[in-house]
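Participant: Need coordinates for the below:
(2 chains)
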2 protein chains.
Amino acid sequence: MSEAFQYPQQGIRLTVDAVVFGYHSDRLQVLLIRRKYAPFEGQWALPGGFVAEPESLEQAVERELSEETGLKINYLEQLFSFGEPRRDPRFRVVSIAYMAIIRSDNMPLQASTDATDAQWFDTQELPPLAFDHAQILEKAITRLRSKLRYQPIGFDLLPEKFLFSDLERLYSTILDQPLDRRNFRKKILSFGILEELSTKVSDGRGRPASLYRFDLDRYQALQHENFYFEIP
Amino acid sequence: MSEAFQYPQQGIRLTVDAVVFGYHSDRLQVLLIRRKYAPFEGQWALPGGFVAEPESLEQAVERELSEETGLKINYLEQLFSFGEPRRDPRFRVVSIAYMAIIRSDNMPLQASTDATDAQWFDTQELPPLAFDHAQILEKAITRLRSKLRYQPIGFDLLPEKFLFSDLERLYSTILDQPLDRRNFRKKILSFGILEELSTKVSDGRGRPASLYRFDLDRYQALQHENFYFEIP
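Facilitator: Alright, predicted model coming up:
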């Protein structure tokens, strides 16, 4: 290894960026920040910033989100690292991107300390994004779609109690394709990871429908039994 | 964003590390380098090193592999970035780890310029590894297993022409579980992505068996037709 006797000087700087998804009004939303300064002054960008020395990468993401948006996230996973030499016009910046999810009842934005503006955008109606952030967002949407099929991550986007029709709409909206509703219902219910609550509410067409809750304990127990969550 | 008026000094350095898999003698193998210098002098580690300013992350991986092992890889994908503040005893180093695959007919090692020793190890019989490299390797094995189920990545590990029984053994070895051979055969052949060659050879039990070749063109064409490679 060539670092042996002399440690090469590196001018590379390290940032974290976060693609924060929320789900509201039957639309997949993403949280964006309007940049105060150059480069890309006034443009929308993913929240993020430089990693500080003593913090882990996840701590850096959580700190930046809290500073820029005041939001606390429900789910966080590392997405991908973006390191093309000229992705930042100032100097070389490698960004470790994360995908985060905020439950819809946690979505309201507080006044932020560090950005002129933080706002939710419908992922189908986006403004131009700074840097390579459109590419980062695209990768996150692909990851989210693929995770929806083999991990019960959709429940992190819904409120704690939901109608089955809410879950159906979430899947067809995010996967951006019509759902075979009968098979979907049969498949999801066969997993035994939904608890049907005694409360019934109108499903929007006037008919009384059950509220459901995702049973995390049951799901975790099933994972020890060779159970695969999978939506074809 | 707090980088607006002053760019904070960062003492973080950036490396790439590679988990290079090969498949030989019915075993999943990984390529390790014996470290010449402190820290972890004389211990085995993943090949890797510091990213140079003008190169992309993938170029850095390929350069380090070539310098340290003389090997050229057949497949490369980004695995995960490891950034715990104290993972390197010298200073803070964030490592972007990659998973690479070398086809078994490409595996021989040449004399390397930059490491006292580079060697293939059976992943079931590993020496202690430097830094957090055991954790990086574990993540790579998990990724490889999961990819085997939904991407025809196994063919990147086999020689170009192989017996069906070779493919079966590769799956059961890497997934580390017995295979339902009849279903596996039926499933794989149903995809129509294997070309059966006219050459027949002994399958090791004296019976003549066909050689197969993975049909990459056919697989790529199928991907435009909502085809999912999937091994249950």
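
Participant: ok, now which ones touch residue A:168?
Facilitator: A:179, A:181, A:184, A:185 (C-beta atoms under 8 Å, 6 or more residues apart in numbering or on different chains). Heads up, the C-betas are built off the backbone N, CA and C, glycines and all.

Participant: and the third one, how many neighbours does it have?
Facilitator: Read it as residue A:184. 17 (other C-beta atoms under 10 Å in any protein chain shown).

Participant: Name all residues that make contact with it.
Facilitator: Residues near residue A:184 by C-beta under 8 Å, 6+ apart: A:168, A:171, A:231.

Participant: want to throw those into CSV with pLDDT and secondary structure?
Facilitator: Below are the contacts of residue A:184 laid out as CSV (pLDDT from 0 to 100; DSSP: H, G, I helix; E, B strand; the rest coil):
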residue, pLDDT, secondary structure
A:168, 95, helix
A:171, 96, helix
A:231, 86, coil
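
Participant: Summarise which helices and strands the strand ranked longest in chain A is packed against.
Facilitator: Longest strand of chain A, by residue count under DSSP state E: strand A:13-24. Under the contact criterion of 3 or more C-beta pairs under 8 Å, 6 or more residues apart in numbering or on different chains; DSSP states H and E, strand A:13-24 touches strand A:27-34, strand A:48-50, helix A:57-69, strand A:93-101, helix A:133-150, helix A:164-175.

Participant: Just tell me which of those ends up closest to residue A:124.
Facilitator: Nearest to residue A:124, of all the helices and strands packed on strand A:13-24, is strand A:27-34, at 7.1 Å by C-beta to C-beta.

Participant: and stretch A:87-106, which residues are buried?
Facilitator: Neighbour counts over stretch A:87-106 (16 or more other C-beta atoms under 10 Å in any protein chain shown) mark A:87-88, A:92-104 as buried.

Participant: Break chain A down into its structural domains.
Facilitator: As assigned by automatic domain parsing, chain A contains the domains A:13-149, A:152-223.

Participant: close enough to count as contact, residue A:89 and residue A:130?
Facilitator: No. Using C-beta atoms under 8 Å, residue A:89 is not in contact with residue A:130, being 10.3 Å away.

Participant: Which residues are in contact with each of these two?
Facilitator: residue A:39.

Participant: Identify all contacting residues around stretch A:129-139.
Facilitator: Contact partners of stretch A:129-139, identified using C-beta under 8 Å, 6+ apart, comprise A:17, A:19, A:30, A:32, A:35, A:39-40, A:43-46, A:79-80, A:82, A:84, A:87-88, A:95, A:97, A:123, A:126, A:128.

Participant: Produce a PyMOL select command limited to the buried residues of the residues you listed.
Facilitator: Here is the PyMOL selection string for the buried members of the contacts of stretch A:129-139, based on 16+ other C-beta under 10 Å:
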select buried, chain A and resi 17+19+30+32+35+40+43+44+45+46+79+80+82+87+88+95+97+123
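
Participant: What count of nearby residues applies to residue A:167?
Facilitator: So residue A:167, with other C-beta under 10 Å, has 21 neighbours.

Participant: quick one, what contacts it?
Facilitator: A:154, A:158, A:188, A:212.

Participant: What of residue A:15?
Facilitator: For residue A:15, the contact set (C-beta under 8 Å, 6+ apart) comprises A:48, A:49, A:50, A:51, A:93, A:94, A:95, A:96.

Participant: Now the two most distant members of the residues you listed.
Facilitator: A:49 and A:94 (13.5 Å).

Participant: Quick check: neighbours of the longest strand of chain A in the sheet, parallel or antiparallel?
Facilitator: strand A:27-34 (antiparallel), strand A:48-50 (antiparallel), strand A:93-101 (parallel) (DSSP bridges).

Participant: Count the residues that sit near the nearest residue to residue A:170 once chain neighbours are set aside.
Facilitator: Closest residue to residue A:170 apart from its sequence neighbours, by C-beta to C-beta, 6 or more residues apart in numbering or on different chains: residue A:154 at 5.4 Å. A total of 22 residues lie near residue A:154 under the criterion other C-beta under 10 Å.

Participant: Tell me how far residue A:154 lies from residue A:147.
Facilitator: According to C-beta to C-beta, to the nearest Å, residue A:154 stands 9 Å off from residue A:147.

Participant: now swap in residue A:32 and tell me
Facilitator: 21 Å.

Participant: beta partners for residue A:17?
Facilitator: residue A:48, residue A:97.

Participant: and it, what does it touch?
Facilitator: Counting by C-beta under 8 Å, 6+ apart, residue A:17 makes contact with A:46, A:47, A:48, A:95, A:96, A:97, A:98, A:133, A:136.

Participant: what do you get if the cut-off is 6 Å, keeping everything else the same?
Facilitator: A:46, A:48, A:95, A:97 (C-beta atoms under 6 Å, 6 or more residues apart in numbering or on different chains).

Participant: And it, what's its pLDDT?
Facilitator: Per-residue pLDDT puts residue A:17 at 98.

Participant: The one 10 residues further on now?
Facilitator: Model confidence at residue A:27, given as pLDDT, is 94.

Participant: ok, and the closest non-adjacent residue to it?
Facilitator: residue A:122 is the one closest to residue A:27 (C-beta to C-beta, 6+ apart), at 4.8 Å.

Participant: Can you tell me the number of residues neighbouring the one you found?
Facilitator: Other residues close to residue A:122 by other C-beta under 10 Å number 12.

Participant: cool, and residue A:73?
Facilitator: Neighbour number of residue A:73 under other C-beta under 10 Å is 23.

Participant: what's the spacing between stretch A:157-174 and its chain's center?
Facilitator: Stretch A:157-174 sits 15 Å away from the centroid of its parent chain (C-alpha atoms, centre = their mean, to the nearest Å).

Participant: swap in stretch A:123-142?
Facilitator: For stretch A:123-142 - counting by C-alpha atoms, centre = their mean - the centre lies 12 Å from the chain centre.

Participant: give me every residue that touches residue A:97.
Facilitator: A:17, A:79, A:80, A:136.

Participant: nearest to chain B, of those residues?
Facilitator: The shortest gap between chain B and any of those belongs to residue A:80, at 6.2 Å (C-beta to the nearest C-beta).

Participant: so what's the closest one bridging to?
Facilitator: residue A:97.

Participant: State the number of residues packed around residue A:202.
Facilitator: Neighbour tally, residue A:202, other C-beta under 10 Å: 10.

Participant: confidence score at it?
Facilitator: Residue A:202 is given a pLDDT of 82.

Participant: Can you tell me, leaving aside adjacent residues, what's nearest to it?
Facilitator: For residue A:202, the closest residue by C-beta to C-beta, 6+ apart turns out to be residue A:208, at 6.4 Å.

Participant: Perfect, that will be all.
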